[in-house]
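1. Build the 3D model from these lines:
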Amino acid sequence: MANFLSSITLQFKDAFSSGFASTENSLAGMKGALGELGGNRDMIALAGDLSLASSRFEELSGRIGAMIEQPSMLAGQFDSFLRNIQSLTGETNDSLAQTARQILDIGGKAVAGPNAAADAFYNIASGVGRAEVRMDMLTAAIHLSEAGQANLQAATSGLISVVNAYNTPAENMGDLSDVFFQTVKKGVGSLDGFVSAMSSISGLSASVGVGFDELGSSMAFLTAKGQTESVAATQLKSAMVSLMRPNQELSDALASIGISSGSAMLEQYGLAESLTMVKAALGGSQDKMAKALGSVDALQAAIALTADDYTSFAASYAGGLSGATAQALDAQAQSYESKVARLQAASDSLQIQIGDDINRIKGFFVDVKTGFLNNFVAPIMSSPVGGVFQSVAAGVGLAAKGVLDMGSGALNTASQLVTLTATLQNAGGFTKLFGSALGGMLSPLKSIGSSIAGMIGPLIAKTTATFAATAAEVGFAGAMWATAGAVWAATWPILAVVAVVALLALGGYMLVKHWDAVAGFFVNLWNKITGAFSAAFGWIREKLAGVSDWVLGAVAIFMPFIGIPALIIKNPRSKLRGI
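-> As a prediction, the model looks like this:
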């Protein structure tokens, strides 16, 4: 038994000795190749310097990118307002483009800026149905907010209420702004406060025939007498409601002077004059007026507006009404903050125009990416080979992350070229290294292949001899088990190799037998892939048809890897040749 195992061991040693010697030679060759790879250190150092320079370039590129991003962001916000406006008005794209130019022209000269102007116009479009007055309303709202240093949105909301209440024509928008500002000028309060208070009762005053200018003078006078804007509006509202719905005392007073309707009196004479007539009909008694008007708030408004000094106040108010906003605008425009704000607005307007072109180009490539994912990637991922692509993508991602983790960042193009040059110069060393390593790996395999046939014959002979000798010593059964164990220990590696070969042969046989089905699967898969490519290519060409050649030419100059293919796709060879 011991002689048998010794002979098997020697047989393996002889079989692999030549492979070990070849491996040793291969390791020696690898050592020499690594020595050659130590050259070209100057070239590698240059690549490092270029990498350092590339980091500075990336910093500059980042700043330039930020400069591009600002116009893109402003244009994106402006476009969002425009799309909201379009959703309300139903304008066509051409009409919307004209609206955008008008808003940019107005907002580019306003303190609030073009985007705030676009937001205000959206509120106007949503609140006023008459399209012909909207742009004039925007101008009036901007002038009003700047003259009174008020919030543009608040001024816009106030104008919307008043315009809807009085059905103001476009040419009179400036008059509304003058009333608001003159009320601020003659009264006590802020523009925001007056706009909020007056707009809340503008519908009532318009319905009973009280003019907006009279509403303004009444508000200014009441606040000058110590009332807040909201309290003054409440008192005026109570007085108008009392006249519209007179109680018995007030009806009798109106009948005594030949007035049949309080609403008709308001429409004909106005609020202050109507209250004066009621006061006269009641003999000037405040107690009778309190009973006739029915509330303290209405009584307070009547006492104030029927006082002697209101007449002179109203005259002064009306005298300075025309052009009140324009005068305030001239004064406000002289301030440094106003100048800076207008400069910023002009800059924003220009950036929006530039950013619109930037976003148009960026949007095109976003559409291309979306189309590529929907028309090409998605069909492949849903195909039978989608799982393979997922695994490959995951492996590539992990490999890329590992490479990036080992370095400080990617080199620029010049650095990569220098590194590539040094690598090519070391090609000889890499070739020797690869050849030596490959030879070292193949030597044991060659030894196994060449020795299998030589081992099987002697192994059978030695097994027979060993079985006979063992049988003489321990009998037939003992010889059988001893010989079987020795044979298994010596032959299982060979049997494993034979099994692998047999499996490969079986796989090849099955592949040939079912070749039609296998070939059909791959033909269908290929047709799906080419169909997806064709659909994606046609979709990209359709998108490119709407982009002018000069835009693609500009992209080709700054981003040739994108612009040049885009030009080729849009202008195929047959078109370029004039066919």
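
2. in which helix or strand would I find Y122?
-> Using DSSP states H and E, Y122 maps to helix 114-127.

3. Also K291?
-> helix 286-293.

4. re the thing from before, now the helix holding Y122: mean pLDDT?
-> If you average the pLDDT over helix 114-127, you get 94.

5. can you check stretch 156-170 too?
-> 93.

6. same check, this time on stretch 219-239
-> The model assigns stretch 219-239 a mean pLDDT of 95.

7. for that stretch, which positions count as buried?
-> When neighbours are counted by 16 or more other Cβ atoms under 10 Å, the buried residues of stretch 219-239 are found to be 219-225, 227, 229, 232-239. C-beta: built from backbone N, CA, C; applies to glycine.

8. got the end-to-end distance for it?
-> 13 Å (Cα to Cα, to the nearest Å).

9. Need the residues that contact it.
-> Stretch 219-239 is contacted by residues 182-183, 185-190, 193-194, 196-198, 200-201, 204-205, 215, 218, 271, 275, 293, 295, 297-298, 300-302, 304-305, 310, 313-314, 317 when judged by Cβ atoms under 8 Å, 6 or more residues apart in numbering.

10. switch to 6 Å and redo it
-> 183, 186-189, 193-194, 197-198, 201, 218, 295, 297-298, 300-302, 304, 310, 313 (Cβ atoms under 6 Å, 6 or more residues apart in numbering).

11. Write a ChimeraX command that selects only the buried members of these.
-> To isolate the buried members of the contacts of stretch 219-239 in ChimeraX, using 16+ other Cβ under 10 Å:
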select :183,186,187,188,189,193,194,197,198,201,218,297,298,300,301,302,304,310,313
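
12. Report all helices and strands that the helix holding K291 contacts.
-> Counting contacts by 3 or more Cβ pairs under 6 Å, 6 or more residues apart in numbering; DSSP states H and E, helix 286-293 packs against helix 248-256, helix 296-305.

13. Out of the ones you listed, flag the one nearest S347.
-> Evaluated with Cβ to Cβ, these place helix 296-305 nearest to S347, the distance being 48.6 Å.

14. May I have the phi/psi pair for V133?
-> The phi/psi pair for V133 (degrees, to the nearest 10) reads phi -100, psi -10.

15. pLDDT wise, what is it at?
-> 94.

16. repeat for the one 4 residues further on
-> Predicted confidence (pLDDT) at M137: the value is 93.

17. One more: E473?
-> 49.

18. cool, and T423?
-> For T423, pLDDT reads 51.

19. cool, D213 as well?
-> 94.

20. let's number from 455 now, not from 1
-> Let's use 455 as the start, then, which means that last one is D667.

21. and the gap between it and T622?
-> 12 Å (Cβ to Cβ, to the nearest Å).

22. that older thread, may I see the buried residues of the helix holding K745?
-> Those would be K742, M743, A744, K745, A746, L747, for helix 740-747 by 16+ other Cβ under 10 Å.

23. Closest one to L720 out of those residues, please.
-> Closest to L720, out of all of the buried residues of helix 740-747 and judged by Cβ to Cβ, is L747, at 13.5 Å.

24. if I pick M589, what's in contact with it?
-> M589 neighbours (Cβ under 6 Å, 6+ apart): Q556.

25. in which helix or strand would I find it?
-> Short version, using DSSP H and E: M589 is in helix 588-601.

26. angle of that helix against helix 568-581?
-> 130 degrees (axes from the mean of the first three to the mean of the last three Cα atoms, to 10 degrees).

27. Please export the C-alpha coordinates of the very next helix or strand once past helix 588-601 as PDB.
-> Remark: after helix 588-601, the chain's next helix or strand is helix 606-620, criterion DSSP H and E. Extracted C-alpha coordinates of helix 606-620, given in PDB (Å, rounded to 0.1, in the frame of the first residue of the first chain):
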ATOM      1  CA  LEU A 606     -46.300  95.500  -5.000                       C
ATOM      2  CA  GLN A 607     -48.500  92.600  -4.400                       C
ATOM      3  CA  ALA A 608     -50.600  94.600  -1.900                       C
ATOM      4  CA  ALA A 609     -50.900  97.500  -4.400                       C
ATOM      5  CA  THR A 610     -51.900  95.100  -7.100                       C
ATOM      6  CA  SER A 611     -54.600  93.400  -5.000                       C
ATOM      7  CA  GLY A 612     -56.100  96.800  -4.100                       C
ATOM      8  CA  LEU A 613     -56.200  97.900  -7.700                       C
ATOM      9  CA  ILE A 614     -57.900  94.700  -8.800                       C
ATOM     10  CA  SER A 615     -60.700  95.300  -6.300                       C
ATOM     11  CA  VAL A 616     -61.200  98.900  -7.300                       C
ATOM     12  CA  VAL A 617     -61.000  98.200 -11.100                       C
ATOM     13  CA  ASN A 618     -63.600  95.400 -10.800                       C
ATOM     14  CA  ALA A 619     -65.800  97.600  -8.600                       C
ATOM     15  CA  TYR A 620     -65.800 100.700 -10.800                       C
END
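
28. Show the secondary-structure elements that helix 606-620 is packed against.
-> helix 568-581, helix 588-601, helix 645-661.

29. tilt between the helix or strand following it and helix 588-601?
-> Using DSSP H and E, the helix or strand that follows helix 606-620 in sequence is helix 627-640. Orientation of helix 627-640 against helix 588-601 (the same axes, to 10 degrees) gives an angle of 20 degrees.

30. ok, and what's touching helix 627-640?
-> Contacts of helix 627-640 (Cβ under 6 Å, 6+ apart): 590-591, 594, 597-598, 601-602, 616, 645, 648, 666-667, 670, 673-674, 771, 775, 778-779, 782.

31. Likewise for stretch 768-781?
-> H597, A601, S631, D632, F635, Q636, K640, S671.

32. Perfect, I'm done here.
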